[in-house]
Structure formats: structure tokens, C-alpha cells
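Trainee: no sequence on hand, only this structure:
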Ligand code: SF4
């Protein structure tokens, strides 16, 4: 970025970002410094990429005109804790309107790739068209500025995400990597391929401890473009920690912000896995395709149970003091860690275990390991499989595919492997298409074509207005469960005001765990921007920019053919209310209809003014 | 008065899962939280008799208080 002003809100065009466009059709690689149009452009991430996507008319994701945009946020590569996000944006192969038009999507991931990318001097890399041959892109710093080159990647074809990264590591030192797996290579039949981002821990240990930009199939779009990996090579450019940023970082780690995600050994809550115990109190842990049974089955995946059999280690992305990863290892006889098995985060764990009828941690590690190494979004994969299992349970006389049912590990594993290899488009194209083909759509747990994360829809009507996946682009998943809010006013306020602000993290380059409850419109972020970049911006200006970016996302959905009737929940929620969930029913048709009306009454005039 | 306390997840570590404690009238949830040395930022949800409540709420004889850790995203 080039800063010719310290006032990004008042003079955004005096801040320029460095963009490289790789046009496979013309063979040109063009470097430009682009003036920012507004504060959203300055902040980065989807705030910028969605403005580019809005300029395109795209009717199918797999077309040359659909760009893949790789960018970072203002604080990526900074010394602000968690500042290492990379964003991948484009029209999604998996998320589509009922009209069949693809929705704009972004996906974010940590790891150390984002830092290295930023430190090359590049802020954004846009891929236009498709490469005729498999390639990887090398982005590196030179004395003249960032340079992007394309390299043949035939030797990477068919390798897992981890193996691609390991192969590239042998060729490039001082570098980090983003790669797709076999699933992304099979883009025609797998629409939810993920992009994997390397971590220092992975490169040092040689084990598959990666991070993922999973949602929306950006890995499949990358595969369609025949780009198997990205390499960012540069010296480390972390600035010395200033007193102001140091104070913020201490507050992130020790203050309320992320304390609950810290390792239990440090007095923290132990990461997102803790949600199992909490949601089980309400019988709201998804079981067998989002149908909690009111029994204690989910408890088998409680951390306290799992650690009797496995060694669990708290680990982190490079220099992040939050240390939210719970890595599961075999336990040796003396209790020390053996082989690394998988990382347990709440979403992938639940959706590849309890929600498909598997209540064994060892089996869950195998499925998570497969999903990660083949490079698939574990949420879309898990939920599409749970739909299939639910269908087979309802149709024992004529089951689909291999006839797998809930809990049948061997058959489920076969489904995962075959999906990744492109042999099961029925699953690989997601739950919306599969349910439309069977004609039984009511128990397909997606909203607007994107599979739900592991929070019951009965607890979160806000899913309907999430613009890029259920829990990470609309922070209402705890409004009922955690905050106990069951009145209309609280939900209208949450969806239209406070909880949409969660998407700010997907602009600025910080992980949501920096301060998930307060978002980025805080003095902590203002202090970081001043100290790291000498930018004077108020929390109010940031909040307004985040809101505009969110609304632009909503407008883009409507432009891609979404009807208001698609802003809804899976019909099973009201057709077969689940009596086992011990929370007030806020997803009955009357409540939801009123919620829809009130929310559009607020959003529509603003959308018209955009 | 007798109050049943249920602890969830990490709050059980070095404490208990469920116990009945005796308190004087006028006791608030906060008094239990302090007594059990449960950290403020980690406390996410308070239920009294299965209904969401807050730390300032007064307790009555026979109440069941459930303390749950904070949960955050996936
Ligand atoms: S909070 Fe977790 S995912 Fe985010 S940067 Fe820190 S260790 Fe990585």
C-alpha cells in the first residue's frame, strides 16, 4: 500500500494498493497501483473484492470472466495479534440462487501465507481466465517491487494439500504456500474445494497442521483456473512492536477479547471445541443431520472424554498468543504425544462426527484428516453427507449411492474419498443440488445454497441474512443460546445492526478471535491502525465502512437472482419442530415472517441508496 | 436456603459437576461465581431453573443455577 494521506476515510484515493492481474487469455501479467475508492477499499479483503465482483455479470462460476481474487487486509502482516489473514474471492461454484446464478463469495484463512504475500509488496492478485496447463504462481519481492511469475505445476498434480506444500517447500525457502488438494483439481464434480494455507508449525514439523480458506469453493475455482498453488516468498518484515500495539496484544490475550479461546492450561476456555459442552445443555448439538435427540450421545466427543484416549496439545499460528488450535495426537503409554492425527475445531468436528452418527474421536480424526488433505470444506462436505444419510434412513428400500447410514464409518469414509476424487458429484456439488435431485429439500441444511455450520438453525434465524456462510458472516449464532434473547426487537437489532459487524474481520486482516464480540470498530483497532500505519480513522468510520460492505454483499446476492423467499431456513425447522431442543422457539413461522418483514424494512431503503 | 449448582465444561475442572450448597437469603449469582473463583471473561451463560439469567440476579431456596463457559464461533 502507498499512503499519501493519514486520513483513509476522508481521502481514500490518496491511498493506493498494489494489484497484479494475471490474464491467462492474453498471457499478460500487469502490475498497477490503484487508488482506493472508499474506506472499504482501504481496509481490504471482501470490502474491496466485492466491489470488483459487482462490476461483473457472471451467470456461471466456471467461466473465464469469473476472477479469482487473492488479497489481504490492512493489518495482515502487521504486529497486531492475529494479523495474518488471506482472502480468496470470486463467484462461488457451490453457493447459488434458485435461479441458478452463482453468488459472490469470499473465504478467509490464517496461517503464515498472508504475511508473506503482504511482505512481497503485493496487496491483491487477480487471476482472469484459465491456464491451459497446470501452474503455480510465484509471488516474490524484488528490488523493483513485487514480481509474479507462473511456473509449470505438473509435478504437483494429484498430490494432497499437505504434499503440495511439502513439495514446494523443497524448492523455495523463506516462503509460505497456498494450495488446493485433489478435490480442487476435480472442480467439475467437487464444488466445495478449499484452499490450504501453510503454517510455520507445518513447515517445521512436516506434519499437516494447515489452515483453510474453506467456504464457498474458492479451491474449486482455483482448480478450474488450473492454478494448483501459490508461493509467496519474501523476507520477514514484521515491524518492532510499538508500545501501543503491545498494549493491544496484551489486551487481546489477557483481556476479555479472546481469553476464552486460550488453552485451558493458561486459564482459558480451550478453543471452540468447548461449544460441545455448552450446546449440549440445551440439547442443541447437531446430531444425525441437525436432529438433536435429547440424549447424551454428543458427550462422547466432549474434550474431557477424548483426552482420556488422546493427547491434546494447544498450538497456534505463528506468534499468535491466542493459541486456539486443539491438535489431537495419539497418546503414548507414558501420556506423551505420538503421531499427529487432526485438529479439533467445533465445526469440522461436529459435522464429521456427531452430526453423521459417529461418536468416536479416533474415527472423527480420520475423516477430518481426509477432508483436510483432499482439500474440501469440511462444513459443506459434512452437511451434504448428513443429508444423504438422512435420505437413506428415510428410504431404506432404495438408498442412494453406497447405501451409507448414520454411524456407518466405513461407508462414510468411502463417500469422503470418492467425493474428493471426483467420483461422486451427487455429494461434491453440495446439498442444495442433491436435495433438488431427490425432490426432498426440507431437510437439506443449507441456506441460500451454502451448508450450515454446526449451530442448529432453531437457535439462529440470522443465518438467512449471512452473506458468506452461516456463522462467520452473521454473528447471531449466540444470540439465543448465549444471550438468551428470544424477542423480536433483539433479533432485528442483532441482524441489522450489531451482529453483521462480524464481517469487518474479513476486511482488515485480523482473525475473528481478536475480539469476536465487539468486532473491529473498537479503540484497539483504531490504535493499531495509528501505530502501525499512521492512519487516523475513527471507530465510527470503520463501522460505517463495514456496514456498507455488508450491504453491498446483500445487494450482490439480490442481483444474482435471490428472491426474498430464499432468505429462510431449512423447512424441516418448522415442518417438524424438534421438541428436544431446550430453548424458546424463535423459528416458528409467525416469528420468522415478522422478522423477515422488519429486517427488509430496514435494509431495503439502505440498499436503494448504495 | 439450598441452591443446586451445576457446572459445565471447563468449570468442572478441580471443582464438581453438581452440588447443593447452603447460602443465606439475599445471595446473588455473583456470590456463587466469586466463591467458586470462576473467571469473569470465561463465564458465558447463567441459567436459573433453565432460564437465562445474569450474575446480579437474586437466588431463592430450591433454585438450580447452571454456569456455562462462553462460546465463540467455529
Ligand atoms: S486466533 Fe487461532 S486461528 Fe486466529 S491467528 Fe490465533 S491461533 Fe491462528
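Mentor: Happy to help now that I have it. Being a predicted model, the structure only gives us computed values, none of them experimental.
Trainee: for the nearest residue to residue A:523 once chain neighbours are set aside, report the pLDDT, please.
Mentor: Among residues not flanking residue A:523 along the chain, residue A:539 sits closest, at 6.6 Å (Cβ to Cβ, 6 or more residues apart in numbering or on different chains). For glycine as for every other residue, the C-beta is placed from the backbone atoms N, C-alpha and C. Note on residue A:539: pLDDT of 97.
Trainee: if I look at residue A:481, how far off is residue A:455?
Mentor: Separation of residue A:481 from residue A:455 (Cβ to Cβ, to the nearest Å): 8 Å.
Trainee: neighbour count: these two, which is higher?
Mentor: residue A:455 (29 against 25; other Cβ atoms under 10 Å in any protein chain shown).
Trainee: what's next to stretch A:456-463, contact-wise?
Mentor: The list of residues contacting stretch A:456-463 from outside it, by Cβ atoms under 8 Å, 6 or more residues apart in numbering or on different chains, reads A:279, A:282, A:284, A:286, A:290, A:292, A:445, A:447, A:452, A:470-471, A:474-477, A:479-481, A:491, A:494-495, A:499, A:569-570, A:573, A:577-578, A:581, A:583, A:585-587, A:591-592, A:595.
Trainee: what do you get if the cut-off is 6 Å, keeping everything else the same?
Mentor: A:284, A:447, A:470, A:474, A:476-477, A:480-481, A:495, A:569, A:573, A:581, A:587, A:592, A:595 (Cβ atoms under 6 Å, 6 or more residues apart in numbering or on different chains).
Trainee: keep only those that also lie close to the ligand.
Mentor: Applying Cβ under 6 Å from any ligand atom to the contacts of stretch A:456-463, one finds that nothing falls near the ligand.
Trainee: among the residues you listed, which ones are buried?
Mentor: For the contacts of stretch A:456-463, a burial check counting by 16 or more other Cβ atoms under 10 Å in any protein chain shown picks out A:284, A:447, A:470, A:474, A:476-477, A:480-481, A:495, A:569, A:573, A:581, A:587, A:592, A:595.
Trainee: which helices and strands does the strand or helix carrying residue B:47 pack with?
Mentor: Following DSSP states H and E, one finds residue B:47 within strand B:43-48. Using 3 or more Cβ pairs under 6 Å, 6 or more residues apart in numbering or on different chains; DSSP states H and E, the elements in contact with strand B:43-48 are strand B:64-69.
Trainee: in the strand it packs on, what counts as buried?
Mentor: Those would be B:65, B:66, B:67, B:68, B:69, for strand B:64-69 by 16+ other Cβ under 10 Å.
Trainee: identify the bridge partners of the fourth one.
Mentor: Put plainly, it is residue B:68. residue B:45 (DSSP bridges).
Trainee: and of the buried ones among the contacts of stretch A:456-463, the nearest to residue A:185?
Mentor: residue A:470 (27.1 Å; Cβ to Cβ).
Trainee: checking the closest one next. Helix, strand or coil?
Mentor: coil (DSSP: H, G, I helix; E, B strand; the rest coil).
Trainee: ramachandran angles for it?
Mentor: phi -60, psi -50 (degrees, to the nearest 10).
Trainee: would you mind listing what in chain B touches chain A?
Mentor: For chain B, the residues in contact with chain A (Cβ under 6 Å from any Cβ of the partner chain) are B:8-10, B:41-42, B:44-45, B:52, B:68-74.
Trainee: hmm, 10 Å instead?
Mentor: Those residues of chain B that sit near chain A, judged by Cβ under 10 Å from any Cβ of the partner chain, are B:6-13, B:39-47, B:50-54, B:66, B:68-74.
Trainee: now restrict those to buried residues only.
Mentor: When the residues of chain B next to chain A are checked for burial by 16+ other Cβ under 10 Å, the buried set is B:6-11, B:39, B:41-47, B:52-53, B:66, B:68-74.
Trainee: all strands of chain B, in order?
Mentor: B:2-7, B:18-22, B:43-48, B:51-53, B:64-69 (DSSP state E).
Trainee: give me the neighbour count for the residue of the stretch 151-300 of chain A found nearest chain B.
Mentor: Going by Cβ to the nearest Cβ, chain B is nearest to residue A:277 of the stretch 151-300 of chain A, at 3.4 Å. Neighbours of residue A:277 under the rule other Cβ under 10 Å: 26.
Trainee: surely it touches residue B:11?
Mentor: Yes - counting by Cβ atoms under 10 Å, residue A:277 touches residue B:11, with 9.1 Å between them.
Trainee: shared neighbours of those two, which are they?
Mentor: Shared contacts of residue A:277 and residue B:11, defined by Cβ atoms under 10 Å, 6 or more residues apart in numbering or on different chains, comprise A:269, B:68, B:69.
Trainee: from the residues you listed, which is closest to the ligand?
Mentor: Of all these, the ligand sits closest to residue A:269, with 12.5 Å by Cβ to the nearest ligand atom.
Trainee: which residues touch the closest one?
Mentor: Residue A:269 touches A:258-263, A:275, A:277-278, A:324, B:9-11, B:39, B:41-44, B:69-72, counting by Cβ under 10 Å, 6+ apart.
Trainee: what of residue A:241?
Mentor: Contacts of residue A:241 by Cβ under 10 Å, 6+ apart are A:79, A:80, A:247, A:248, A:249, A:531.
Trainee: look up how far the ligand lies from it.
Mentor: 16 Å (Cβ to the nearest ligand atom, to the nearest Å).
Trainee: a helix runs through residue A:373, doesn't it?
Mentor: Yes - counting by three-state DSSP, residue A:373 is located in a helix.
Trainee: I'd guessed it sits against residue A:196; true?
Mentor: Yes - the criterion here is Cβ under 10 Å, and residue A:373 meets it with residue A:196 at 8.8 Å.
Trainee: mutual contacts of these two, please.
Mentor: A:160, A:161, A:162, A:181, A:208, A:210.
Trainee: near the ligand too, which of the residues you listed?
Mentor: Counting by Cβ under 6 Å from any ligand atom, no member of the shared contacts of residue A:373 and residue A:196 is near the ligand.
Trainee: pLDDT below threshold where in chain B?
Mentor: B:73-74 (pLDDT under 70).
Trainee: quick one: the residue nearest the centre of it from residue A:42, how far?
Mentor: What sits nearest the mean C-alpha location of chain B, by Cα atoms, centre = their mean, is residue B:67, with 3.9 Å. Using Cβ to Cβ, one obtains 43 Å as the distance from residue B:67 to residue A:42.
Trainee: can you check residue A:221 too?
Mentor: Distance, residue A:221 to residue A:42, by Cβ to Cβ: 26 Å.
Trainee: same question, residue A:62
Mentor: Taking Cβ to Cβ, one finds residue A:62 at 32 Å from residue A:42.
Trainee: more crowded one of those two?
Mentor: residue A:42 (30 against 17).
Trainee: for whichever strand or helix holds the more buried one, packing partners?
Mentor: Under the criterion of DSSP H and E, residue A:42 resides in helix A:39-43. The contact analysis (3 or more Cβ pairs under 10 Å, 6 or more residues apart in numbering or on different chains; DSSP states H and E) places helix A:39-43 against strand A:15-23, helix A:46-53, helix A:505-508, helix A:523-533, helix A:539-559.
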